[in-house]
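Participant: sharing a model prediction with you, sequence too.
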Amino acid sequence: MADPSVATPEGRSVIHDLGYRPYTGPRLGSGPIARALVGTGFRNTFGLGRSGRSKVLPFLLLGLNLLPAFIVGGVMVLVGLDELPIAFAEYASTTQVLLGIFVASQAPVLFSRDLRHGTISLYLARPLRSDTYALARWSSLLGATLLFLVLPVLVLYTVALLGEMDVSDQTADAAVAIGLAALLALSLTGVAGLIASWSTRRGFAVAATIALLLIGNGIVTAIQEIAREEGQPQVGEVAGLFSPYSLYRGLMASWTDVETATPPTSTAMEVTYLVVFLALSAACLGGLVWRYRRVATA
Amino acid sequence: MNTTILRLSAQALLGRRRGVVLVLIPAVLVVLAVVVSILTDDEIGYESVANLGFTLALPLVALLAATAVLGPEVDDGSIVYLLSKPVSRHVIARSKYAVAWAATMVLGALPLLVVGLVLDASEPRQALAWGLGAAVAGTAYTALFLGLAAVTRHAVVIGLLFVLIWEGVLGTAFAGVRWAAIGGWGREVAGEISPLVPVVGTGLTYAVVAAAFVSVGSLWFTGDRLRSFTLRGDE
């Protein structure tokens, strides 16, 4: 009798070869896998491709976020204003709470679930590096956040064009607003993704992200108001560097006509705001890549 | 009350990172109060710091505490082991509430009292008013969020929407929201204790009765939901 522990010689594996046809089609590399992952991740962020119940929350938030834009449109039509009552860039600042909840609640969908259920090892068993996985997830969330930010701007822009306002002015303003939105989306995606990838509990990740974003913003706002009343705007300028929302407000104040508590006054400060904004995003992305590298080697 | 459930809930609450975040929120608030009181002479920062603590830190602590004692167990399904024990579901709800409530008082309401004393030691009554108002609001918040955690997996997000959108954004836009805003009831209580805190205008009796009603009602509702609990799969 043959030793059962000896591997079956090549070509003689008859018992388990039931005659099923193996897959002979093309096997795609990590590029197409990453692209597919970005696409599914983006859809999953809005609950598409998932259960009906998980669609409720993202679409509710998106609806709430768009509601003021439509109301503004309706008011414009009824009252007949000749300029928008809210600037394009100001919109994201007004609905920052909704934006925060959206990013915080949808980041765990992309980052926590695979870690919690161990499905991450299935992804990494494919020709997909952990870095690519992290980047793909991050891009999905970035895309969803951008959509969330840009849609109301587009609605307002359409309303402005239908109201026959000056096209070049409106286009320039909307372009600045979208540029600012991209910066905000970059940083929020990084922060929320990093927290979600460190916490496998969804509820906790959501609350921790919101606590960080909103309490951070609350503290900065408090300091900026106190600094303005005390007549020391420089303190407020520096304080503005410590929260994504206040960075957004600072740059909004210097790039558009919207006024805020203590805007950056010098060009050097504006550049610092921009650099901190980008550095925060880059640092979070780096942390994310590092986190998944550790998961992959653990 | 069941001592074992109390102990397990306290572990779930303070264990690991959740405990760190829970302690960090009041710590940051107190540090901010200390910094503001050192750098400014008079009470410029009092209003903004107390508001920050009352409208943001307190509900967040209550939300984290209430969902921590129930949420993870529901999420990973291990609550069935607890529910299969011969303990009344209402006792389970009450025990879990007791732990979350204690955490909210110590980490949510007490820091407001401390912040008040740090910012203006000459007005202990005002600090006490903020602290007691926060205690009333925290009691109702914790019960409401515990009830939410027993009904849905999205308790944290719905709780945040309630606090930030309903009480926050809509509360500033529509005055009528104050009749159905837990934070407003807490402010009303605070305003009755110290004239330095602006009242909301619902009347002390209404505020106390409404807060008590929400607390007791939500607590009973939590027990009732646990009594007929269905475990659902992940979405």
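Facilitator: Good, I have the coordinates.
Participant: quick one, what contacts the residue sitting nearest the centre point of chain B?
Facilitator: In chain B, the residue lying closest to the centroid (Cα atoms, centre = their mean) is residue B:62, at 2.9 Å. Counting by Cβ atoms under 8 Å, 6 or more residues apart in numbering or on different chains, residue B:62 makes contact with B:100, B:104, B:108, B:138, B:141, B:142, B:145. Any C-beta I mention is one placed from the backbone N, CA and C, and that applies to glycine too.
Participant: what's whichever strand or helix holds residue A:286 packed up against?
Facilitator: Take DSSP states H and E as the rule and residue A:286 turns out to sit in helix A:267-297. Secondary-structure packing of helix A:267-297 (3 or more Cβ pairs under 8 Å, 6 or more residues apart in numbering or on different chains; DSSP states H and E): helix A:120-124, helix A:130-162, helix A:167-198, helix A:244-255.
Participant: and stretch B:44-54, average pLDDT?
Facilitator: The average pLDDT for stretch B:44-54 rounds to 85.
Participant: what parts of chain B come near chain A?
Facilitator: B:17-18, B:21, B:24-25, B:28, B:32, B:36, B:40, B:44-45, B:48-49, B:52, B:56-57, B:60, B:63-64, B:67-68, B:71-72, B:75, B:153-157, B:160-161, B:164-165, B:168-169, B:234-235 (Cβ under 8 Å from any Cβ of the partner chain).
Participant: now which of the residues you listed would you call buried?
Facilitator: Buried by 16 or more other Cβ atoms under 10 Å in any protein chain shown: B:18, B:21, B:25, B:28, B:32, B:36, B:40, B:44-45, B:48-49, B:52, B:56-57, B:60, B:63-64, B:67-68, B:71-72, B:75, B:153-157, B:160-161, B:164-165, B:168-169, B:235, out of the residues of chain B next to chain A.
Participant: just the ones of these in helices?
Facilitator: Secondary structure from DSSP state H places B:18, B:21, B:25, B:28, B:32, B:36, B:48-49, B:52, B:60, B:63-64, B:67-68, B:71-72, B:75, B:155-157, B:160 of these in helices.
Participant: so, low pLDDT: which residues of chain B?
Facilitator: Flagging of chain B using pLDDT under 70 yields the residue ranges B:16, B:41-43, B:232-235.
Participant: cutoff 80 now
Facilitator: B:15-18, B:39-45, B:75-76, B:230-235 (pLDDT under 80).
Participant: related to what we said a few turns ago, looking at the helices and strands packed on helix A:267-297, which one is packed in the most?
Facilitator: helix A:244-255 (a mean of 24; mean count of other Cβ atoms under 10 Å in any protein chain shown).
Participant: close to chain B, is that one?
Facilitator: No. Judged by Cβ under 8 Å from any Cβ, helix A:244-255 and chain B are separated, with a smallest distance of 13.0 Å.
Participant: re earlier: kindly reformat the helices and strands packed on helix A:267-297 as JSON lines containing distance to residue B:214.
Facilitator: As requested, these are exported to JSON lines (distance: least, Cβ to Cβ, whole Å):
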{"stretch": "helix A:120-124", "distance to residue B:214": "41"}
{"stretch": "helix A:130-162", "distance to residue B:214": "32"}
{"stretch": "helix A:167-198", "distance to residue B:214": "30"}
{"stretch": "helix A:244-255", "distance to residue B:214": "31"}
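Participant: right, so of the ones you listed, which gets closest to residue A:49?
Facilitator: Among the helices and strands packed on helix A:267-297, the nearest to residue A:49 by Cβ to Cβ is helix A:130-162 (11.9 Å).
Participant: off-centre distance for the longest helix seen in chain B?
Facilitator: Secondary structure of chain B per DSSP H: the longest helix is helix B:124-151. Distance of helix B:124-151 from its chain centroid, counting by Cα atoms, centre = their mean, to the nearest Å, is 5 Å.
Participant: what do you get for stretch B:7-19?
Facilitator: 17 Å.
Participant: so which residues make contact with that stretch?
Facilitator: A:198-199, A:201, A:204, A:208, B:22, B:64-65, B:68-69, B:72-73, B:95-96, B:99-100, B:103.
Participant: ok, residue B:196 - contacts?
Facilitator: So residue B:196 contacts B:123, B:125, B:126, B:129 (Cβ under 8 Å, 6+ apart).
Participant: next one: the second one from chain A, what distance?
Facilitator: In this structure, residue B:125 and chain A are 23 Å apart, going by Cβ to the nearest Cβ, to the nearest Å.
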